[in-house]
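Asker: I'd like to go over a predicted model; first the sequence, then the structure.
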Number of protein chains: 2
Amino acid sequence: MERFKEEWERYRGIVEEGLDVFLPHEDEYPQSLYRAMRYAVFSGGKRLRPVLTLAVAEAFGSDPKLLLPQAVAIELIHTFTLVHDDLPDIDNDDYRRGKPTVHKVFGNAIAILTGDALFALAHKVAIAGSLPDGTKLRILREINDALCHRGVIEGQVADIESLQKEPDYEDMLFIHTHKTGKLIEASTVVGAIGAGASEEEVASIREYGRKVGLAFQIMDDILDAVGDEKEVGKRLRKDFNRASAVRILGLDGARRKMDELVDGAIAVVDRVLGRRGWFLKEMANFIRERTY
Amino acid sequence: MERFKEEWERYRGIVEEGLDVFLPHEDEYPQSLYRAMRYAVFSGGKRLRPVLTLAVAEAFGSDPKLLLPQAVAIELIHTFTLVHDDLPDIDNDDYRRGKPTVHKVFGNAIAILTGDALFALAHKVAIAGSLPDGTKLRILREINDALCHRGVIEGQVADIESLQKEPDYEDMLFIHTHKTGKLIEASTVVGAIGAGASEEEVASIREYGRKVGLAFQIMDDILDAVGDEKEVGKRLRKDFNRASAVRILGLDGARRKMDELVDGAIAVVDRVLGRRGWFLKEMANFIRERTY
């Protein structure tokens, strides 16, 4: 476990440095935009997604730094989705990671445009670096497939629509695998593509990513139901969380589903990567055990 | 002039067909998102930007259909910026092209997510088609440069900030060349890059695009001051249009500046393309003479 935390910190250090390099300086004009972009990005996140990208790439024998632009792009896109989701018109969240959300500090207009700017910047960053052109294009397609036409945005819309009805297990699965799962899945797949893994390996890593992505959101629901608000750093017990796995499966049922997913994810990595996949297996376990 | 209108209609027909092919069907789940995306896109726009892309490409000897995905992507991005700009938190516009804006029909949350989805889809479309990988990546960079880090989004933020002060000529130039000009400039440059024009030709077309982009926004300000609300299809005489060229230069001054830009744009095309550039020259004249 100690080794896992150290390794995570090593990857996270690479990501933080990359984010700092690729984000415009906050003294540039117009300042409010760049200050808001940096405020949104540097808010003490776990960097789960870009860390997964780098870790998958390294497990397949690649120098993780080769994929740093693409990992940074994924974190910028994740941040863009959070900034927009927190808006009063959508989830109306005032706190994120224990800090006031972007629109609380900079206003709604700047928050909307900050999300847009992070999204545009992400695409510029995703095509930087020295990967072959064809690989860059494939990664871009993977990332945008994760967002639109059966992606994160569809999951968010389905979540909003779930407020108007009694969501069932199928609704919950759609929302969770799309709203949260798709980008986590893409984070792992991008690592494999960038490292030149075979099609079969990419498909296996996709299965791993899909399982840990869904497990991650189920754990989010469990924390929403029984977690500690201070530790988690955001408002819990949200009454609009209608498609919660805990609400639909019960607390025990949600835990069982999560266990099944985490065990399955570990089995996939065991098969494809063996011991080289130790960090990815520990990551799956972390997702099951996390308290924040 | 008749020939110009016919040619515009021919290009527009290609664009409309491309938009219909690339947008998800509105019966797909979640319907509200896809209906909103199609509502936003099929609202009777002039398709100025993608028409410019196709026309520049054809002027340089390319089959315009080769660049259709990239032209469609530019129109999707333009639409995304309109949907977000119209939001109550930003410009708070209820009408666009004579129809209720997206948030008036579908609500603010869906409007924000519709913009995001159009943006993501645009990137998938921009890397479709048969252009070489390196050309696709260069076009992607051009489009995203037009949006962020001295792009459309910075222009929008500067426009919002101009409400807090007395904007001068320099502020107006920054806002207009970025908020409106950058994407028009990119539309022309993408056509030249996609058609395999030389670096020198690309630079000249950029100059043309920059001039007509700025002229287009100055004409928007002139129409805002003296246009017919029914014909223009949106609210005019906006009190928040503080960085208006008419407000800063006066009506005659704004017209003089526009004439200078349009004449300059025509001279550039004359030099680089001669008679092959006839449509681009007519387009510059159209921008000067338009009443809608």
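Answerer: Now that the structure is in, tell me what you want to look at.
Asker: Strands along chain A, start to end?
Answerer: A:95-96, A:99-100 (DSSP state E).
Asker: Distance to B:Ala192 and mean neighbour count for these - can I get that in JSON lines?
Answerer: Where you see a C-beta, it was placed from the backbone N, CA and C, and this is true even at glycine. Formatted as JSON lines, the strands of chain A follow (distance: least, CB to CB, whole Å; neighbours: other CB atoms under 10 Å in any protein chain shown):
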{"stretch": "strand A:95-96", "distance to B:Ala192": "43", "mean neighbour count": "18"}
{"stretch": "strand A:99-100", "distance to B:Ala192": "45", "mean neighbour count": "16"}
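Asker: Out of those, which gets the lowest mean score?
Answerer: When the strands of chain A are ranked by mean pLDDT, strand A:95-96 comes last with a mean of 91.
Asker: Can you pull out the residues in contact with that one?
Answerer: For strand A:95-96, contacts defined as CB atoms under 8 Å, 6 or more residues apart in numbering or on different chains pick out A:Ser43, A:Leu82, A:Asp86, A:Thr101, A:Gly233, A:Lys234, A:Arg235.
Asker: closest to chain B among those residues?
Answerer: Closest approach to chain B among the contacts of strand A:95-96 (CB to the nearest CB): A:Asp86, at 11.2 Å.
Asker: which residues does that closest one contact?
Answerer: Contacts of A:Asp86 (CB under 8 Å, 6+ apart): A:Asn92, A:Asp93, A:Arg96, A:Thr101, A:Val102, A:His103, A:Ala111.
Asker: gap between stretch A:64-74 and the chain center?
Answerer: 14 Å (CA atoms, centre = their mean, to the nearest Å).
Asker: closest to B:Glu185 out of the strands of chain A?
Answerer: Smallest distance to B:Glu185 across the strands of chain A (CB to CB): 36.1 Å, for strand A:95-96.
Asker: Can you show me the helices along the stretch 51-200 of chain A?
Answerer: In the stretch 51-200 of chain A, the helices defined using DSSP state H, counting those that start in this stretch lie at A:68-85, A:102-106, A:108-126, A:133-145, A:152-161, A:169-175, A:182-194, A:199-226.
Asker: What helices and strands are in contact with the second one?
Answerer: Right, helix A:102-106. helix A:31-41, helix A:108-126 (3 or more CB pairs under 8 Å, 6 or more residues apart in numbering or on different chains; DSSP states H and E).
Asker: how many other residues sit next to the closest residue to A:Lys211 other than its chain neighbours?
Answerer: Leaving out its chain neighbours, the residue that sits closest to A:Lys211 by CB to CB, 6 or more residues apart in numbering or on different chains is A:Ala265, at 3.9 Å. A:Ala265 is flanked by 27 other residues according to other CB atoms under 10 Å in any protein chain shown.
Asker: From what I see, A:Ala265 and A:Ala215 are in contact.
Answerer: Yes: at 7.0 Å, A:Ala265 counts as touching A:Ala215 under the criterion of CB atoms under 8 Å.
Asker: Give the residues shared as contacts by those two.
Answerer: Joint contacts of A:Ala265 and A:Ala215 (CB under 8 Å, 6+ apart) are A:Ala284.
Asker: lowest average confidence, helix or strand, in chain A?
Answerer: helix A:229-232 (a mean of 82; mean pLDDT, DSSP states H and E).
Asker: Can you pull out the residues in contact with it?
Answerer: By CB under 8 Å, 6+ apart, helix A:229-232 touches A:Gly98, A:Leu223, A:Arg235, A:Leu236, A:Thr291, A:Tyr292.
Asker: Please tell me which one of those counts the most neighbours.
Answerer: A:Leu223 leads the contacts of helix A:229-232 on contacts (other CB under 10 Å) with 19 neighbours.
Asker: got the contact list for that one?
Answerer: A:Val232, A:Leu236, A:Arg290, A:Thr291, A:Tyr292.
Asker: distance of it from chain B?
Answerer: Distance of A:Leu223 to chain B, computed by CB to the nearest CB, to the nearest Å: 24 Å.
Asker: Would you state the predicted confidence (pLDDT) at that residue?
Answerer: 93.
Asker: Touching, A:Gly155 and A:Met172? I think so.
Answerer: No: taking contacts as CB under 8 Å, A:Gly155 lies outside contact range of A:Met172: 10.8 Å.
Asker: Contact partners for A:Gly134?
Answerer: Here A:Gly134 is in contact with B:Asp133 (CB under 8 Å, 6+ apart).
Asker: Ok, A:Glu28 next?
Answerer: With CB under 8 Å, 6+ apart, A:Glu28 has these contacts: A:Tyr34.
Asker: any idea of the pLDDT on it?
Answerer: Note on A:Glu28: pLDDT of 90.
Asker: Please apply the same query to A:Gly194.
Answerer: Value for A:Gly194, per-residue pLDDT: 98.
Asker: and the closest residue to it other than its chain neighbours, what does it touch?
Answerer: Excluding its sequence neighbours, the residue lying closest to A:Gly194 (CB to CB, 6+ apart) is A:Leu67, at 4.3 Å. Neighbour list for A:Leu67: A:Thr53, A:Leu54, A:Ala57, A:Gly129, A:Leu131, A:Val190, A:Gly191, A:Gly194, A:Ala195 [criterion: CB under 8 Å, 6+ apart].
Asker: on that earlier part again, any shared contact partners between A:Gly155 and A:Met172?
Answerer: In contact with both A:Gly155 and A:Met172: no residue, using CB under 8 Å, 6+ apart.
Asker: For A:His25, grab the count of nearby residues.
Answerer: Count around A:His25 with other CB under 10 Å applied: 9.
Asker: correct me, but it touches A:Leu33?
Answerer: No: counting by CB under 8 Å, A:Leu33 is not a contact partner of A:His25; they are 11.8 Å apart.
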